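Visitor: Okay, here's the prediction I keep looking at, along with the sequence it came from:
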Amino acid sequence: MNQNSSVAASILLDAAQQSYPVSALYVLATPIGNACDISLRALHVLAIADAVACEDIRNTSQLLQRYGLSKQLLAAHEHNEREAADKIVERLRAGQRVALVSDAGTPAVSDPGARVVDAVRAAGLQVVPLPGASAAVTALSASGLTDERFHFVGFLPSKTRQRESALQELAGLQAALVFYEAPHRIVETVQSMLEVFGPERQIVLARELTKLFESIHRCPLGEAPAWLEADANRQRGEFVVLVQGAPAADGDDADAERVLRILLAELPVKQAATLAAQITGQKKNALYERALQIKDGA
Ligand code: SAM
């Protein structure tokens, strides 16, 4: 055994020696492209689980084969999640360990899984998260966007009017915006973003992350449609789209924001907005709208 393989063996042994309680649901992140992006704990749980609940049986069998594993698979997708949850709860009550996976990345993030987790928790049983790949976080980590916060949106509506009104609601957020998008809609979605956010903000088009044709392109939004149109390959594959947040308010706006936040910590929205308007001389309606956004976590 060379030095590297003995290191690998001892790390695998570490993972195997940790605690893996029975009667627990293991929410297990799988790779988003590169099959090596899976944690040692996740691999160990796949090896010892009594069953794996999955979004798509074929995809998950392929994944398991890749690691030399064969397991009983239970379908748990968006059309049967509630019934699947009941069956999983029965298994857990009988002392089994069940792993929950989606097709790629972290279950319950723009994927099925939340209802199963909800049912298991409601039954008073243990849920153990096994963290790993998530397309959103992977794209953010390589984006170089310096916004202090991010706001995860996931998929936008497919119809232009609804999409643009959803974007309008996000236009004032001082946080990087994180979207998932399908290749056949990427051009129109970027066009809608340009319409709503204007040409100045940075956009990051993170395509085929961790795969052979991975590309992470960042440019001002105004340049993005032409960049996409310049090469049909740039519109292929899976996308995470990031958009820089709204610029920070400066001067009087920043003061009003500070005052509003202080008042909101103690008072209801309407009263906070009224007082903030009196103190700062800013418009009450605008402060009221902003106060609602702050309350919503924006
Ligand atoms: N649960 C997954 C996660 O944790 O990221 C997301 C599942 S969601 C149904 C699938 C979407 O995630 C794709 O349509 C795409 O927008 C994004 N995505 C998944 N894998 C990706 C990849 N390798 N590169 C870029 N985007 C990806």
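Guide: Looks like it arrived, so ask away. Residues are numbered from 1 along each chain as shown.
Visitor: partners of the residue in the chain positioned nearest to the ligand in the sheet?
Guide: Relative to the ligand, the nearest point of the chain is residue 105 (2.6 Å; CB to the nearest ligand atom). Backbone N, C-alpha and C define where each C-beta goes, glycine included. The partner list for residue 105 in beta bridges (DSSP bridges) reads residue 30.
Visitor: so it makes contact with residue 135?
Guide: Yes - using CB atoms under 8 Å, residue 105 is in contact with residue 135, at 5.5 Å.
Visitor: Could you list the residues of this structure in contact with the ligand?
Guide: Contact residues, the chain versus the ligand (CB under 6 Å from any ligand atom): 32-33, 102, 104-106, 109-111, 134-136, 180-182, 206-211, 238-240.
Visitor: Now restrict these to buried residues only.
Guide: Buried residues within these, defined by neighbour count using 16 or more other CB atoms under 10 Å: 32-33, 102, 104-106, 109-111, 134-136, 180-181, 206-210, 238-240.
Visitor: Show me what counts as buried in the helix or strand hosting residue 288.
Guide: Secondary structure from DSSP states H and E places residue 288 in helix 284-295. Neighbour-count burial for helix 284-295 flags 287-288, 290-291, 294 (criterion: 16+ other CB under 10 Å).
Visitor: now stretch 60-67
Guide: For stretch 60-67, burial by neighbour count (16+ other CB under 10 Å) applies to 60-61, 63-64.
Visitor: which element is the nearest residue to residue 22 once chain neighbours are set aside on?
Guide: Leaving out its chain neighbours, the residue that sits closest to residue 22 by CB to CB, 6 or more residues apart in numbering is residue 95, at 5.0 Å. Residue 95 is part of no helix or strand, with elements assigned from DSSP H and E.
Visitor: wait, isn't residue 95 in contact with residue 125?
Guide: No - the criterion here is CB under 8 Å, and residue 95 misses it with residue 125 at 10.8 Å.
Visitor: where exactly do the strands run in the protein?
Guide: Assigned by DSSP state E, the chain shows strands spanning 24-28, 51-54, 73-75, 97-101, 126-130, 150-155, 176-181, 202-207, 215-220, 239-243.
Visitor: Including mean pLDDT, could these go into CSV?
Guide: Below are the strands of the chain laid out as CSV (pLDDT from 0 to 100):
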stretch, mean pLDDT
strand 24-28, 98
strand 51-54, 98
strand 73-75, 98
strand 97-101, 98
strand 126-130, 98
strand 150-155, 98
strand 176-181, 98
strand 202-207, 98
strand 215-220, 98
strand 239-243, 98
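Visitor: I'd like those strands as JSON lines, with distance to residue 194 appended.
Guide: As requested, the strands of the chain are exported to JSON lines (distance: least, CB to CB, whole Å):
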{"stretch": "strand 24-28", "distance to residue 194": "37"}
{"stretch": "strand 51-54", "distance to residue 194": "38"}
{"stretch": "strand 73-75", "distance to residue 194": "40"}
{"stretch": "strand 97-101", "distance to residue 194": "36"}
{"stretch": "strand 126-130", "distance to residue 194": "37"}
{"stretch": "strand 150-155", "distance to residue 194": "16"}
{"stretch": "strand 176-181", "distance to residue 194": "14"}
{"stretch": "strand 202-207", "distance to residue 194": "9"}
{"stretch": "strand 215-220", "distance to residue 194": "10"}
{"stretch": "strand 239-243", "distance to residue 194": "10"}
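Visitor: what does the helix holding residue 288 rub up against?
Guide: Around helix 284-295, the neighbours that count as contacts under CB atoms under 8 Å, 6 or more residues apart in numbering are 172-173, 256-257, 260-261, 264, 269-270, 272-274, 276-277, 280.
Visitor: what about the stretch 101-250 of the chain, any weak spots by pLDDT?
Guide: Where the stretch 101-250 of the chain drops to pLDDT under 70, the residues are 249-250.
Visitor: Which residue comes closest to residue 204 once chain neighbours are left out?
Guide: residue 242 (4.0 Å).
Visitor: Ok, residue 279 next?
Guide: Closest residue in space to residue 279, ignoring its immediate chain neighbours: residue 259 at 5.4 Å, by CB to CB, 6+ apart.
Visitor: that older thread, what's the overlap in contacts for residue 95 and residue 125?
Guide: The overlap between the contact sets of residue 95 and residue 125 (CB under 8 Å, 6+ apart) consists of residue 23.
Visitor: More neighbours: the two, which one.
Guide: Shown here are residue 95 and residue 125; by other CB atoms under 10 Å, residue 125 has more neighbours (17 against 9).
Visitor: could you list every residue that touches the nearest residue to that one once chain neighbours are set aside?
Guide: Nearest-residue entry for residue 125: residue 92, 4.8 Å, with adjacent residues in sequence omitted and distances by CB to CB, 6+ apart. Residue 92 makes contacts with 23-25, 98, 120, 123, 125, as judged by CB under 8 Å, 6+ apart.
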